[in-house]
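Asks: Just to be clear, the model below is a prediction. Sequence and coordinates:
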Amino acid sequence: MWRVLGSPENITLKELGPGRGLFAQDVLDWSEKTFPDFFRALRYVLVETSPALRERMEQTLSRHFESGRAAFLSAEDRVATPTIVFANEFFDALPVEVISSQGALRIDTRDGHFVETWASASSEELEYLDRYSIHPEPGEHVEVPLQSQQHMSAAADLERGFVIVIDYGYTREEQLAGRHRGTLKAIRQHSVSANPYEGPGEQDITADVNFTALAAVAEKQGMLTQKLITQSQFLLGIGEANQFADAFEDCRLPQERAKVALQLKHLVTPAGMGESFHVLVASRGIEAEKVAGLAGLSFGRR
């Protein structure tokens, strides 16, 4: 992407929800070793509000923070440099509104337990259902991710560059076909529960991502969106040229190669994350042919 942008002297890579900073560490360490020209141009901006996670990232990326190569989001990062916004499993973790035929969900407490009550849905929520989703049938719940729309609008507010969203989710067409209707769930210790009210603060609450709605927000901001592809297609396109040889370059022992092969298999194959995760790429200020020719978007077309 840096090369498609013309190999600018300065480029910002902005990661939304960077967790413990492990992906940032991999990108910075790998590019420093393998692509020094890109590394010299790179400023890695971490968008995270959690004080505990920011502290973890400062430890993980201490060397890059000290050099100024990595930094937390600040006002100066609004400067108009070419930008790549990266969001991996960010949007599925944002709060959502929940709508049923009874209206909009509200949470109350009774006798020490959470109970569901219902209020009239707002005009904004109903407009979202009209444009990007479906209206719930009796007994059905549908998510309305208004915060996701706001975050995508902010991410797409760049002069020149890319937005990459990687997550599990769906399109409106899939919803109309009867799939991905009511996807709110809780996850604790790799187990999935349909009850988000159990163990408050001890389980992650997620909802599948509406890629139709995210693409529409990006396009409203003037970005060009590519056809939604699976993570499998995206990664196979990136690794097609050299058969993932660079993923194994640091392996010295057979068991190290076997470990990396298993990790790749989990990321790429349908039995792992390859088909359940999708990739949305949007761009602004770049020729459409150059964007379409990116390795991750051109698997099987060479």
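Replies: Structure received. Numbers count the residues shown, from 1 in each chain.

Asks: where's the nearest residue to residue 276 once chain neighbours are set aside, which helix or strand?
Replies: In space, and not counting its chain neighbours, residue 276 is closest to residue 168: 5.1 Å by CB to CB, 6 or more residues apart in numbering. Placement of C-beta: from N, CA and C, glycine included. In this structure, residue 168 is located in strand 161-170 according to DSSP states H and E.

Asks: try residue 192
Replies: Counting by DSSP H and E, residue 192 is found in strand 191-193.

Asks: And residue 38, by the same measure?
Replies: Counting by DSSP H and E, residue 38 is part of helix 36-41.

Asks: How about residue 282?
Replies: strand 277-284.

Asks: could I get that strand in CSV with only the CA atoms?
Replies: C-alpha atoms of strand 277-284 as CSV (Å, rounded to 0.1, in the frame of the first residue of the first chain):
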residue,chain,number,x,y,z
PHE,A,277,-13.6,-13.6,8.8
HIS,A,278,-13.9,-11.0,6.0
VAL,A,279,-11.8,-8.1,4.8
LEU,A,280,-13.1,-4.7,3.7
VAL,A,281,-10.7,-2.4,1.9
ALA,A,282,-11.5,1.2,1.1
SER,A,283,-9.3,3.9,-0.5
ARG,A,284,-9.2,7.5,-1.3
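
Asks: State the paired neighbours of it in the sheet, together with their directions.
Replies: Next to strand 277-284 in the sheet, as set by DSSP bridges, lie strand 161-170 (antiparallel), strand 224-225 (antiparallel), strand 229-230 (antiparallel).

Asks: got TSV for these, with mean neighbour count and distance to residue 43 too?
Replies: Shown next, in TSV, are the strands paired with strand 277-284 (neighbours: other CB atoms under 10 Å; distance: least, CB to CB, whole Å):
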stretch	mean neighbour count	distance to residue 43
strand 161-170	23	13
strand 224-225	18	24
strand 229-230	18	28
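
Asks: Minimum distance to residue 178: which of these has it?
Replies: Nearest to residue 178 among those is strand 161-170 (11.2 Å), distances taken as CB to CB.

Asks: what sits up against the strand holding residue 282?
Replies: 156, 158-169, 211, 214-215, 218-219, 221-226, 228-231, 233-234, 291, 294, 296-297 (CB atoms under 8 Å, 6 or more residues apart in numbering).

Asks: Tell me the first helix or strand C-terminal of that strand.
Replies: helix 288-292.

Asks: Keeping just the C-alphas, turn that following helix into CSV.
Replies: The C-alpha trace of helix 288-292 is given here as CSV (Å, rounded to 0.1, in the frame of the first residue of the first chain):
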residue,chain,number,x,y,z
ALA,A,288,-8.7,2.4,-8.9
GLU,A,289,-6.5,0.1,-11.0
LYS,A,290,-3.6,0.3,-8.6
VAL,A,291,-5.9,-0.5,-5.6
ALA,A,292,-7.4,-3.5,-7.4
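
Asks: So which bits of that helix are buried?
Replies: Along helix 288-292, these residues count as buried under the neighbour rule (16 or more other CB atoms under 10 Å): residue 291.

Asks: same for that helix, what does it pack against?
Replies: Applying 3 or more CB pairs under 8 Å, 6 or more residues apart in numbering; DSSP states H and E, one finds that helix 288-292 contacts no other helix or strand.

Asks: if we can go back for a sec, can you pull the buried residues of the helix holding residue 38?
Replies: 38, 39, 41.

Asks: Report the mean per-residue pLDDT for stretch 49-63.
Replies: The average pLDDT within stretch 49-63 is 95.

Asks: residues near residue 215, how many?
Replies: 22 (other CB atoms under 10 Å).

Asks: likewise residue 59?
Replies: Neighbours of residue 59 using other CB under 10 Å come to 10.

Asks: Look up how far residue 203 lies from it.
Replies: 26 Å (CB to CB, to the nearest Å).

Asks: Residue 56 too?
Replies: 20 Å.

Asks: same question, residue 214
Replies: 25 Å.

Asks: who has more neighbours, those two?
Replies: residue 214 (29 against 19).

Asks: Ramachandran angles for the residue nearest to the more buried one when sequence neighbours are not counted?
Replies: Excluding its sequence neighbours, the residue lying closest to residue 214 (CB to CB, 6+ apart) is residue 152, at 4.9 Å. Torsion angles at residue 152 (phi, psi; degrees, to the nearest 10) stand at phi -70, psi -40.
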